[in-house]
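Trainee: sequence and predicted structure, then a few things I'm wondering about:
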Amino acid sequence: MKYKTGIVGFDVSVSKNKKQKNLYVRVVPPDGEVKVSVPFNCPDEEIRSLIIKNYFQIKEARERIIAQARRDKREYLSGESFYLWGKAYTLEVVEGFKSCNVRQDKDRIILEVPLESTLEKREKAITEWYREEMKKVLPDVIEKCEERTGLRANEYRIKNMKTRWGTCNIQKKRVWLSLQLAKKPIECLEYVLVHELVHLIEKGHNNKFYALVEKFYPNWKAIRELLHEMPLS
């Protein structure tokens, strides 16, 4: 069941699911929409209490997302800027190839394409290139974060998530990492990975959770700010 309602000044999208056991609230880009996921039989008053309890955090998150710099819609043409591990590169499109290929050359990202390549095919080529770049660094980052925390997941996967930097399936001990992290400084990937690993021993975002994140990654607050401040694609 899905519906929208107004709660203390916020337009809230509510999703009720029979399989859901806990209450979650998220603020998502690009317009700071407030989304709440709850068990199917959760009363509306409990949802209202959840929003009121987290009012200031929700308000802050919405203001940050709305104010955050966002790029124009990509056309995948020469001259556009793309980030890799926090550094900006200029896209150079070269036509006349049989298929779409991507390579990095100093301060450029070179996209080789057929003469009449579509925007969708160019986007897919860039996306897959980001995936391969992330796969290159991920093993070392995983090893570093596992040694730092003493925690290990059974599986790590990459997914092109637009509203979350990472998620953790506690039961299966599986960590998902957003492909968008390949555009951020490597420290952002480390922080998100530590964050998700901590969920293996502390499910909620409570004081104990953040105390553990602080223990394993002392400068996490600065990195989190960096993660939010850098432009989104």
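Mentor: Done, it's in.
Trainee: count the neighbours of the closest residue to Leu181 other than its chain neighbours for me.
Mentor: With sequence-adjacent residues excluded and distances taken as Cβ to Cβ, 6 or more residues apart in numbering, Leu181 is closest to Leu189, at 4.7 Å. Using the backbone N, CA and C atoms, a C-beta is placed for each residue, glycine as well. Using other Cβ atoms under 10 Å, Leu189 has 25 other residues around it.
Trainee: and Leu189, what helix or strand is that in?
Mentor: helix 186-198 (DSSP states H and E).
Trainee: in this protein, what residue sits furthest out from the centroid?
Mentor: Within the chain, Gly96 marks the point farthest from the mean C-alpha position, 34.7 Å out by Cα atoms, centre = their mean.
Trainee: quick one, phi psi at it?
Mentor: Backbone geometry at Gly96, expressed as degrees, to the nearest 10, gives phi 110, psi 10.
Trainee: can you tell me what sits against the helix holding Leu189?
Mentor: 85-86, 134, 137-138, 141-142, 144-146, 148-149, 151-153, 165-168, 175-178, 181-182, 209, 212-213, 216-217, 220, 223-224, 226-227 (Cβ atoms under 8 Å, 6 or more residues apart in numbering).
Trainee: helix/strand/coil for Arg157?
Mentor: strand (DSSP: H, G, I helix; E, B strand; the rest coil).
Trainee: give me the distance between the nearest residue to it once chain neighbours are set aside and Lys159.
Mentor: Leaving aside its sequence neighbours, Arg157 sits nearest to Trp176 (Cβ to Cβ, 6+ apart; 5.2 Å). Here the criterion is Cβ to Cβ, to the nearest Å. By it, Trp176 lies 5 Å from Lys159.
Trainee: more crowded one of those two?
Mentor: Each of Trp176 and Lys159 has its neighbours counted (other Cβ under 10 Å); Trp176 has more, 18 against 13.
Trainee: what about the helix ranked longest in the chain, distance to the chain center?
Mentor: For the chain, the helix with the greatest residue count under DSSP state H is helix 119-149. When C-alpha coordinates are averaged (Cα atoms, centre = their mean, to the nearest Å), helix 119-149 and its chain have centres 13 Å apart.
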